[in-house]
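> Predicted model and sequence below, questions to follow.
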Amino acid sequence: MTNPDDPLTYKILKNLEENPELSQRARSQSLGVSLGKINYCLKALVAKGLVKVRNFQHNENKIGYAYILTPQGLEEKSQVAMRFLHRKMEEYEQLRCEIEELKREVE
């Protein structure tokens, strides 16, 4: 993951917390990003110690994986969410000011 403040980081961490059993393919589809990007991001999260991978028997013919947030991963998700919220609130305030200015120009 190139930037821990990237909105995708938050989306992946949230998705992992809510759906640890999803395959990488299903995760990529649910988040609307490529399978390669999900694979890259998950490897980076595992390397950072934010996520651990567990094997489990999905059925007799397949082995699946569960991606579990570590305590450090849960903390990082909270921090990323706070930074994301602050950034979005700043964007909202800037947009609100622009709208007010445009309203004054139109009147």
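Nice, thanks for sending it over.
> average pLDDT across the helix or strand hosting Ile68?
Secondary structure assignment for Ile68, by DSSP states H and E: strand 62-69. For strand 62-69, mean pLDDT rounds to 76.
> change the start of the numbering to 35 and stick with it
Shifting the count to begin at 35 puts that one at strand 96-103.
> Mind listing what's buried along the helix or strand just after that strand?
Next helix or strand after strand 96-103 toward the C-terminus (DSSP H and E): helix 105-140. Neighbour counts over helix 105-140 (16 or more other CB atoms under 10 Å) mark Gly107, Glu110, Lys111, Val114, Phe118 as buried. For the C-beta atoms, the positions are set from N, CA and C on the backbone; glycine is no exception.
> Which strands or helices does helix 105-140 pack on?
Using 3 or more CB pairs under 8 Å, 6 or more residues apart in numbering; DSSP states H and E, the elements in contact with helix 105-140 are helix 41-52.
> Would you mind listing the buried residues in the helix it packs on?
Applying 16+ other CB under 10 Å to helix 41-52 flags Leu42, Thr43, Tyr44, Lys45, Ile46, Leu47, Asn49, Leu50 as buried.
> nearest to Arg61, of these?
For these, the residue nearest Arg61 by CB to CB is Asn49; the value is 6.1 Å.
> Correct me if wrong: the closest one contacts Ala60.
No - the criterion here is CB atoms under 8 Å, and Asn49 misses it with Ala60 at 10.0 Å.
> before we move on, back to that, mind putting the buried residues of helix 41-52 in JSON lines, pLDDT and distance to Leu79 included?
Listed next are the buried residues of helix 41-52 as JSON lines, based on pLDDT from 0 to 100; distance: CB to CB, whole Å:
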{"residue": "Leu42", "pLDDT": "88", "distance to Leu79": "11"}
{"residue": "Thr43", "pLDDT": "86", "distance to Leu79": "9"}
{"residue": "Tyr44", "pLDDT": "88", "distance to Leu79": "12"}
{"residue": "Lys45", "pLDDT": "91", "distance to Leu79": "12"}
{"residue": "Ile46", "pLDDT": "93", "distance to Leu79": "7"}
{"residue": "Leu47", "pLDDT": "92", "distance to Leu79": "8"}
{"residue": "Asn49", "pLDDT": "94", "distance to Leu79": "11"}
{"residue": "Leu50", "pLDDT": "93", "distance to Leu79": "8"}
